[in-house]
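Chemist: Attaching a predicted model along with its sequence, questions to come.
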Amino acid sequence: MADKAQTWVYAEDYIPEREIVTQARATAAELGAEPVTPGQGAALRMLAAVSGARAVLEVGTGAGVSGLWLLDGMAADGVLTSIDHEVEFHKHARRAFSAAGVSSQRTRLIAGRALDVLPRMAARGYDMMVLDAEVSEAPAYLDHAVRVLRPGGTVAFVHALWRDQVSDPARRDAETVVCREVVHFLRDSEEFVSAVLPVGDGLAVAVKR
């Protein structure tokens, strides 16, 4: 029987990570942030590219790891808007974007609690939305995704499989339950066409009808 663990590692390493992203990942570790894995980053880049995304909204900036992947897949004139309540994270993310040669006009970093900022985001103003912040608030983020995404827009939920526990119905801790509810909502909603990608800690993706 094939070694699933080896296959997972192969998939994670399929797209080599650029040095600037690896450096941002190291910074994230120092800051206590948990960035997307290389496999998740590659998937986000691909989703941004296939949709021709020009306006991407990210909840959870970290040290800029996911932002670097997204910007690499977005249209050349695309703008990434990223929300995080940690000002220190923004400082390091800006540094990473600058080191990668990303124009400051292509990023908009907003400091604040996501649920305070999201109501101000334009309705149907975004091609893609990435949710990678407080798991407990993910259902509320999804409510905003329905509003801010254009028809055909994509939402991506990081940590969709939450420590490999979402698939086990016996796991009933708060984080696992929330992630399971989000994944099931996307699956059952008539507003989205969805799938779960087994990369990193899981990536649930859904396209708004």
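Modeler: All right, it came through fine.
Chemist: Quickly find the element holding residue 178.
Modeler: Residue 178 belongs to helix 174-188 when assigned by DSSP states H and E.
Chemist: Report the rounded mean pLDDT for that helix.
Modeler: Averaged across helix 174-188, the pLDDT comes to 97.
Chemist: name the helices or strands packed onto the next helix or strand after that helix?
Modeler: Note on helix 174-188: by DSSP H and E, the next helix or strand toward the C-terminus is strand 192-197. Other elements packing on strand 192-197 under the criterion 3 or more CB pairs under 8 Å, 6 or more residues apart in numbering; DSSP states H and E are helix 174-188, strand 203-208. The C-beta positions use only the backbone N, C-alpha and C, and glycine is treated the same way.
Chemist: need the helix or strand of this protein with the lowest average pLDDT.
Modeler: Between all helices and strands in the chain, the lowest mean by mean pLDDT, DSSP states H and E belongs to helix 4-12, at a mean of 88.
Chemist: Just the residues contacting that one, thanks.
Modeler: Contacts of helix 4-12 from elsewhere in the structure, counted by CB atoms under 8 Å, 6 or more residues apart in numbering, are 37-39, 198-200.
Chemist: Can you tell me the strand partners of the longest strand along the chain and which way each runs?
Modeler: Of all the segments of type strand in the chain, defined by DSSP state E, the longest one is strand 149-158. For strand 149-158, the pairing partners within the sheet under DSSP bridges are strand 126-131 (parallel), strand 203-208 (antiparallel).
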